[in-house]
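*Asks:* next input, structure requested:
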Amino acid sequence: MFAIFFIVQGMDKGIILGLIQNTAILLAFSMLYDYFWLPKKDTKTIAGKILSGLIIGSAGIVLMLTPWRQVPGLVFDTRSVLLALSGLFFGLIPTAVAAITMVIYRIFLGGMGIWMGIAVIILSSVTGILYKKIRPAWNSRNYIRELAFLGFLVHIIMLACTILLPEASILPTLKNIILPIITIYPAGTVLLGILMVHQLKNQENQNAAEKLVESERRFIDLLTNFNYFSLILDRTGKILFCNSKVLETSGYKIDQLTGKNAFEMLLPQSTIAAVQDAFDYILRGKTVFYNYETEFKRADGEILNIEWNATVLRDANKVISSIATIGQDVTNRKKAEAELIKAKSKAEESDNLKSIFLSNMSHEIRTPMNAIMGFSSMLGMDDITDIEKKQYISIIQDSGERLLKIINDIIDISKLEAKQFSVNLSECSLNEIFRSSIETFRKSDLLKEKRHISLELDPDSEHAEILLITDKHRIQQVLDNLLSNAIKYTEKGTITTGYRIITENGKELVEAYVKDTGIGIADGMSKIIFERFRQVDENKYHEGAGLGLSITKGIIELLGGNIWFDSALNKGTTFYFRIPLIIPQNEPVSLKGGVSGIPDLSGKTIIIAEDDYNSYYYLRLLLKGLNANVLHAENGMILMRLVQHKVPDIILLDINMPVKSGFECLDDIKKLGISTMIIAQTAYAMASEKERCLSSGCHGYIAKPVKKTDLYREISQLLTEKLPV
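*Replies:* Take a look at the predicted model:
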């Protein structure tokens, strides 16, 4: 500074006056930066930048109007300082516009120093702009050093521009300007730059303060309208702030909570102590962030579950002043978790039941299959006697019946679950159903194995001949299932079944029962006994898949009734079911049980439409000895050729055939106007399948596996009732 003072002392007074005037203009330039550029966002637009450049250029022209003259036509001012700092602080566009403005004016001034003046304007601008580009973080480090370097760099370049002067003026000019150029000009650049940096930082601080205020306002607004619970509590637990979610959920108003103790207002009495301990733990500074769950008491007494996240708030001295908490209602989640635990337990139980079921099912299927395959192979042996052959055939037939029952049970339970199970109501004798079941079981191998069991029928003698409208076959199925279970779980004693006609609430009902003296049913099993795949004693193997009672319950409910039981462990069980008593309104008619006996097929032609040769061969053997002319159609196309060649009397039509299906053949037969009796035979033993076959043009229906009696009855019925004239 002392060196600069002595330099100034030795300078011409005109030069000093010019410098003072230039300094004043540069200060005005800094004010332009502080009041016009920094606070206004619109100055950052293209138009704003151009306007700023024009103002800076005007300031440069004013500088050029107050120069200090070296010789006529050669003037000096502080435009280099102005343009260098413009490039550094304002950037490319304003500085370029300012430089162009000043170049135009310098050309207008003319004189011998015109080229040096233009060069100084351009190079000072470019240096400031490039310095900002190369050193973007110049003001975040030692910016005074950065400004000093820029000042020296710009003015060294300015001194180099003297080569553009007339040769005779170069050395005198350098001699006269070198000291102020390398001392006062860089110092002026530094001082003005420092002033502008402070202006920049002040503006940044002001912007930051405004943003902080705005951020706090938005934060309060956010907390107020937050869809989560928000509370701020002082060190004693008093509520300093609560948002609308807390008010809305709790049922309190703002003045009812503000200043009140949160624990007393919002917690059940039984949980206050535990939550207070957690609160004190946070206040002791043991943790910055704390997660916990509490019960939340509404004004109406309802209890919710809230999960809280708490954090400490500190004052200027970094002392904990309050605790801010944000909470989420997890009541539904807690309920869902409880349900999930329950579902998990049920799934584990279901998985265990599935294992038991698969094990039982494997046993139930493999056991009869083993007998069927084993004794079938033994029938081919040469050394077996006729007695043994009959015994083997009986075993094969019994095993087939057992296997078929399992398949039927699976089909029935599937139809019940899919709500496709249907009942077919018809007129029938209740007494006949019960007697039929009793006689069937008395002759069965199942009862023969249990020699210490007697099977008794206790009919309602008053209503022995009563007829009713119901599904005979389904009632028979229900009774068979209950009797089968009774025999299965009884080792000795008596099994009794019967029915009574009762009146309840003005309605007549059939109440039937099956009573045994077996192992009984434990209390824990009473709720699940009608579930599928469950058995009375699941720790011990019992024949069956555990579907019978589930199917039985489904059938009874479809018939408009209900089923229940009474049981005592190790003493016996009585199953009851009730169904509505629907009496036929018309005159009594004979019950249709089909036409029995062996049909006479002399002179009749029968086509067996069956792609499976074993099934065809089996049907052919059943028809052997009936004097029928039997033909074989391996697929639908062959069947149509045979029918068109000679119309048969009867077609045993497999619905699922290759080339042309059974339904397609039915359509073709209709179109041709061929009159023949058609009996559908199919492995799809569904009620809906039977209805579909009959509605498509079939006159009769039998389900596989085909029994000889069923086939004869269906053929006889067609020949006696449906044979066309």
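*Asks:* do I have it right that Leu404 meets Val706?
*Replies:* No. The criterion here is CB atoms under 8 Å, and Leu404 misses it with Val706 at 11.5 Å. Where you see a C-beta, it was placed from the backbone N, CA and C, and this is true even at glycine.
*Asks:* can you verify my assumption that Leu283 contacts Ile323?
*Replies:* Yes. Leu283 lies in contact with Ile323 (CB under 8 Å); the separation is 7.2 Å.
*Asks:* let me know the pLDDT of the closest residue in space to Glu634 that isn't next to it in sequence.
*Replies:* Closest residue to Glu634 apart from its sequence neighbours, by CB to CB, 6 or more residues apart in numbering: Asp611 at 5.6 Å. Asp611 carries a pLDDT value of 89.
*Asks:* on the three-state scheme, Asp611 is what?
*Replies:* Classification of Asp611 by DSSP: H, G, I helix; E, B strand; the rest coil places it in coil.
*Asks:* phi, psi for it please.
*Replies:* For Asp611, the backbone dihedrals are phi -80, psi -30 (criterion: degrees, to the nearest 10).
*Asks:* count the residues that sit near it.
*Replies:* By the criterion of other CB atoms under 10 Å, Asp611 has 16 neighbours.
*Asks:* what sits against it?
*Replies:* The neighbours of Asp611, taking CB atoms under 8 Å, 6 or more residues apart in numbering as the test, are 634-635, 654, 657-658.
*Asks:* one more time with 10 Å
*Replies:* Counting by CB atoms under 10 Å, 6 or more residues apart in numbering, Asp611 touches 633-636, 638, 654, 656-659.
*Asks:* filter these down to the buried ones, ChimeraX style.
*Replies:* Only the buried entries of the contacts of Asp611 go into this ChimeraX selection, using 16 or more other CB atoms under 10 Å:
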select :633,634,635,636,638,654,657
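*Asks:* biggest separation within the contacts of Asp611, which pair?
*Replies:* Spanning the widest gap among the contacts of Asp611 are Ile638 and Asn656, at 15.4 Å by CB to CB.
*Asks:* and Ile129, what helix or strand is that in?
*Replies:* helix 114-134 (DSSP states H and E).
*Asks:* Gly625 belongs to a strand?
*Replies:* No. Inclusion of Gly625 in a strand is not indicated when three-state DSSP is applied; the result is coil.
*Asks:* and Gly111, what are its phi and psi?
*Replies:* Main-chain torsions, Gly111, degrees, to the nearest 10: phi 100, psi 170.
*Asks:* ugh, wrong one, I meant Tyr252
*Replies:* Torsion angles, degrees, to the nearest 10, at Tyr252: phi -90, psi 160.
*Asks:* contact partners for it?
*Replies:* Contacts for Tyr252 were tallied using CB under 10 Å, 6+ apart; they are 239, 242, 246, 258, 260, 265-266, 298-299.
*Asks:* try it again with 7 Å
*Replies:* Ala299 (CB atoms under 7 Å, 6 or more residues apart in numbering).
*Asks:* so how far is Cys242 from it?
*Replies:* To Cys242, Tyr252 is 9 Å away according to CB to CB, to the nearest Å.
*Asks:* and for Ile387?
*Replies:* 95 Å.
*Asks:* so those two - more neighbours on which side?
*Replies:* A count of neighbours by other CB under 10 Å puts Cys242 above the other of Ile387 and Cys242, at 24 against 8.
*Asks:* I'd say the more buried one and Phe229 touch.
*Replies:* No. Counting by CB atoms under 7 Å, Cys242 sits too far from Phe229 to count as a contact (8.2 Å).
*Asks:* name the helices or strands packed onto the helix or strand harbouring Lys390?
*Replies:* Using DSSP H and E, Lys390 maps to helix 386-417. Secondary-structure packing of helix 386-417 (3 or more CB pairs under 7 Å, 6 or more residues apart in numbering; DSSP states H and E): helix 331-379, helix 548-558.
*Asks:* make a markdown table from those and add mean pLDDT to it.
*Replies:* Output for those, formatted as a markdown table (pLDDT from 0 to 100):
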| stretch | mean pLDDT |
| --- | --- |
| helix 331-379 | 77 |
| helix 548-558 | 85 |
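*Asks:* nearest to Val647, of the ones you listed?
*Replies:* Comparing the helices and strands packed on helix 386-417 against Val647 with CB to CB, the closest turns out to be helix 331-379 (38.3 Å).
*Asks:* distance between that closest one and the chain's centre?
*Replies:* Averaged C-alpha coordinates place helix 331-379 at 27 Å from its chain's average position (CA atoms, centre = their mean, to the nearest Å).
*Asks:* by how many degrees do it and helix 386-417 diverge?
*Replies:* Angle, helix 331-379 to helix 386-417, by axes from the mean of the first three to the mean of the last three CA atoms, to 10 degrees: 160 degrees.
*Asks:* tell me where the stretch 151-300 of the chain has strands.
*Replies:* Using DSSP state E, counting those that start in this stretch, the strands of the stretch 151-300 of the chain run over 229-234, 239-242, 289-297.
*Asks:* would you mind giving the ones you listed as JSON lines with mean pLDDT and distance to Leu619 added?
*Replies:* Below are the strands of the stretch 151-300 of the chain laid out as JSON lines (pLDDT from 0 to 100; distance: least, CB to CB, whole Å):
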{"stretch": "strand 229-234", "mean pLDDT": "88", "distance to Leu619": "78"}
{"stretch": "strand 239-242", "mean pLDDT": "89", "distance to Leu619": "85"}
{"stretch": "strand 289-297", "mean pLDDT": "85", "distance to Leu619": "73"}
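*Asks:* need those strands in CSV (columns: distance to Ile579).
*Replies:* Output for those, formatted as CSV (distance: least, CB to CB, whole Å):
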stretch, distance to Ile579
strand 229-234, 58
strand 239-242, 63
strand 289-297, 51
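*Asks:* closest to Glu146 out of those strands?
*Replies:* Glu146 lies closest, by CB to CB, to one member of the strands of the stretch 151-300 of the chain: strand 289-297, at 42.0 Å.
*Asks:* from Ile521, how far off is the residue nearest to Asn562 when sequence neighbours are not counted?
*Replies:* Distances taken as CB to CB, 6+ apart place Arg578 nearest to Asn562, at 5.9 Å, with adjacent residues excluded. Per CB to CB, Arg578 is found 20 Å from Ile521.
*Asks:* run through the stretch 551-700 of the chain and note the low-pLDDT ranges.
*Replies:* Scanning the stretch 551-700 of the chain for pLDDT under 70 picks out 585-597, 684-688.
*Asks:* same thing but 90
*Replies:* 551-560, 567-571, 580-603, 611-628, 644-646, 655-662, 670-675, 681-697, 699-700 (pLDDT under 90).
*Asks:* tell me which element Leu313 falls in.
*Replies:* strand 303-314.
*Asks:* again but with Ile679, I slipped
*Replies:* Using DSSP H and E, Ile679 maps to strand 677-682.
*Asks:* and the strands in the stretch 451-600 of the chain?
*Replies:* Assigned by DSSP E, counting those that start in this stretch, the strands in the stretch 451-600 of the chain fall at 453-458, 467-470, 493-504, 507-515, 562-568, 572-580.
*Asks:* report the mean per-residue pLDDT for the fourth one.
*Replies:* The average of the pLDDT scores along strand 507-515 is 91.
*Asks:* in that strand, what counts as buried?
*Replies:* Buried-residue list, strand 507-515, by 16+ other CB under 10 Å: 509-515.
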